[in-house]
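Asker: structure for the following, please:
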Amino acid sequence: MQIVYLDQNQWVKLARAWKYPSEYAEVRKLFGEIERAVLNGKLCLPLTATNIYETYKINRSERRQDLALVQSALSQGKVFVGRHQRLANEISSVVRNIHSLPPEDREEYWFLSDLFFEAFAEHGDDRVQLTLPKNLLAAMRANPPYFLLCYLVGAPDEERQFAVGRWSAGSEELRQRIENNRQKLKNESMAMRRRIYSALLMLGEVEIILGFACDAGAPWQTVNDIKSSNARRLIREVPAYYVERELALRIGALDRPIEENDFRDMTAFCAAVPYADCVISENLFVNLALQAGLDQHFGTTITTDLMEVAKFL
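Answerer: Numbers count the residues shown, from 1 in each chain. Okay, the predicted model is just below:
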């Protein structure tokens, strides 16, 4: 199975071709080929939290419904799991290598879920107290596209707008914090900014790292137990941290203020680039990812051309 991640603009192109086939003949033909490959199990087009958010926030109900129909059908309700679950497995793998512990047995596509909400929060995660009845979970796993579609188009406007507002508020706090750090570091070299960002990332994540390391069987109780060489290795070998650092450094070097959309795109790339065979996105983030060498680092095709999907059918 080939895994291809499409950013929101690519999904919009597919939705337009589905609704107006005569106006977008080339993309409409590709749509049919994609649909057949998905149904045959040859292709997977999982969504990220960013895709779901971008669709959920659309105020025009008809436009939101058109996009949701296409996304739910072609993604089959599959999503990349959220950052917390990815980190649990990614950190465990690195820690086990450091201490020569046996690797965990995992399913081949452990980073994908049929439960759309796991793009944001994992079921049973104590941090968010998200626990659903077994019969509801069974129904969702039996028909993932239906429940994703219901979520995207069925929420009352007040509920939807409240959720969008909360997500945006959280992004704004992060944007301001990183913007402030960028101003402080603007005169430093890229190499120095990389070291500083790595240190800040490590300090900000140390409790999470220690928790997952303990679960993996590592004798780490405090930050001193990790040691500097292992800290550098974690930032370098944990995909979520590596992609975040390299993209954040390049976003920070842009000659414009950092925008909320930058963080959503970065979040999507952290989820998709390490695990997808192909990532298709807009010019800015494709260029940033290629500058960072993420395509070579992870063996992932990163492009702006939707027609590249044809190579993975």
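Asker: residues contacting stretch 77-85, please?
Answerer: 5, 44-49, 52, 86, 110-116, 118-122, 125, 127, 143-148, 208, 240, 267, 270-272, 275 (CB atoms under 8 Å, 6 or more residues apart in numbering). Bear in mind the C-beta positions are built from the backbone N, C-alpha and C, glycine included.
Asker: where along the stretch 1-150 of the chain do the strands fall?
Answerer: Applying DSSP state E, counting those that start in this stretch to the stretch 1-150 of the chain gives strands spanning 2-6, 43-44, 79-80, 112-113.
Asker: on that earlier part again, among the contacts of stretch 77-85, which are in helices?
Answerer: Taking DSSP state H, the ones among these that sit in helices are 49, 52, 86, 144-148, 208, 240, 267, 270-272.
Asker: which of those are buried? Put it as a PyMOL command.
Answerer: Buried residues within the ones in helices among the contacts of stretch 77-85, by 16 or more other CB atoms under 10 Å, are selected in PyMOL with:
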select buried, resi 49+52+86+144+145+147+148+240+267+270+271+272
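Asker: widest-spaced pair of the ones in helices among the contacts of stretch 77-85?
Answerer: Greatest spacing in those, by CB to CB: Y146 and I208 (33.8 Å).
Asker: hmm, back to that, most tightly surrounded among the strands of the stretch 1-150 of the chain?
Answerer: When you average the neighbours per residue for each of the strands of the stretch 1-150 of the chain (mean count of other CB atoms under 10 Å), strand 79-80 leads with a mean of 26.
Asker: in the helix or strand containing L234, which residues are buried?
Answerer: Using DSSP states H and E, L234 maps to helix 228-237. Across helix 228-237, burial judged by 16+ other CB under 10 Å covers N230, A231, R233, L234, I235, E237.
Asker: which neighbouring elements make contact with it?
Answerer: Applying 3 or more CB pairs under 8 Å, 6 or more residues apart in numbering; DSSP states H and E, one finds that helix 228-237 contacts helix 83-98, helix 190-216, helix 239-252.
Asker: mean neighbour count, those helices: which tops it?
Answerer: With neighbours taken as mean count of other CB under 10 Å, the helices and strands packed on helix 228-237 reach their highest mean count in helix 239-252, at a mean of 21.
Asker: please tell me how far it is from the chain's geometric centre.
Answerer: 13 Å (CA atoms, centre = their mean, to the nearest Å).
Asker: who's in contact with Q71?
Answerer: For Q71, the contact set (CB under 8 Å, 6+ apart) comprises W11, A15, L47, N51, T55, L148, L152.
Asker: identify, from the residues you listed, the entry nearest to Q176.
Answerer: Nearest to Q176 among the contacts of Q71, counting by CB to CB, is N51 at 24.8 Å.
Asker: name the nearest residue to that closest one, sequence neighbours excluded.
Answerer: Closest residue in space to N51, ignoring its immediate chain neighbours: Q8 at 5.9 Å, by CB to CB, 6 or more residues apart in numbering.
Asker: the one you found: neighbour count?
Answerer: Close neighbours of Q8, defined as other CB atoms under 10 Å, add up to 23.
Asker: among the buried residues of helix 228-237, which two are most distant?
Answerer: A231 and E237, at 11.2 Å, using CB to CB across the buried residues of helix 228-237.
Asker: circling back: could I get the ones in helices among the contacts of stretch 77-85 as TSV with distance to A253 and pLDDT?
Answerer: TSV is the format used below for these (distance: CB to CB, whole Å; pLDDT from 0 to 100):
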residue	distance to A253	pLDDT
A49	25	91
I52	29	93
R86	26	95
P144	39	95
P145	40	95
Y146	44	94
F147	41	94
L148	36	94
I208	27	92
A240	21	95
T267	19	90
C270	18	95
A271	23	96
A272	22	98
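Asker: for I98, state which of the ones in helices among the contacts of stretch 77-85 is nearest.
Answerer: Using CB to CB, those come closest to I98 at I208, 16.4 Å.
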